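Novice: With the sequence up front, the predicted model follows.
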Amino acid sequence: MGTDIEERVTALITALPGVVVLRASAETGAPEVAWGDSFFYYDPRGDSPADRRMPFATLVTNDYPGFDTASHLHRPGVVRLNLDPGRALFTETVGYAPAEHPAHADRWDYTALDQLLPHPVYATAGWVSVLNPGPRTRTRVAELVAAAHARAARHDNARRARQVDQG
């Protein structure tokens, strides 16, 4: 693994029940730009097809040229935790609804460390992020991780119920 921050965040997330982590690498078939990034899924049975899983959290260590560079993750030791806590918690966290993000995007410094931010690319989908979570965001990050995990569990349970109904 990488930094102490990566290890601390990974431990926080993987301590929750049913979490599967995929660390992108050549062996996983991930594109090279994603190598070293971690994707956290709720899959308590370990039986969800990989192409059907959506992460509820990611830990990104790289800029994605031409797509996602606002955080300047090329800086040594800088990582970004991304979370999908849902639209209500996004709104509570950043002060406006995800759909309103384009009107507010310029007010954020996406390079700021240890500050909760809308995700620079996926804010309109309700994702939040924090670079190098630390003392200022520790409590709120733990709450948002738990909320994103619970949301992913609800979605997984609903998906499984639909499969039974269709079965």
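Specialist: Yep, it's here.
Novice: Can you check which helix is longest in this protein?
Specialist: Identified as the longest helix of the chain according to DSSP state H is helix 138-166.
Novice: Give me the buried positions along it.
Specialist: 140-141, 144-145, 147-149, 151-153, 156 (16 or more other Cβ atoms under 10 Å). The way it works is simple: take the backbone N, C-alpha and C, and place the C-beta from them, glycine included.
Novice: and which of these is nearest to V130?
Specialist: V141 (6.1 Å; Cβ to Cβ).
Novice: Without its sequence neighbours, what residue ends up closest to L113?
Specialist: Nearest non-adjacent residue to L113, counting by Cβ to Cβ, 6 or more residues apart in numbering: N132, 4.5 Å away.
Novice: for T111, same thing?
Specialist: H72 (4.9 Å).
Novice: Out of the buried residues of helix 138-166, which is nearest to G86?
Specialist: Of the buried residues of helix 138-166, the one sitting nearest to G86 (Cβ to Cβ) turns out to be R151, at 5.2 Å.
Novice: I figured that closest one hits A57, correct?
Specialist: No: between R151 and A57 there is no contact under Cβ atoms under 8 Å: 10.6 Å.
Novice: Touching both of these two, which residues are there?
Specialist: Jointly contacting R151 and A57 under the rule Cβ atoms under 8 Å, 6 or more residues apart in numbering are D84.
Novice: Give me the distance from the longest helix of the chain to the chain's centre.
Specialist: Mean-position distance between helix 138-166 and its chain equals 13 Å (Cα atoms, centre = their mean, to the nearest Å).
Novice: looking only at pLDDT, what's the mean for that helix?
Specialist: Here helix 138-166 scores 91 as its mean pLDDT.
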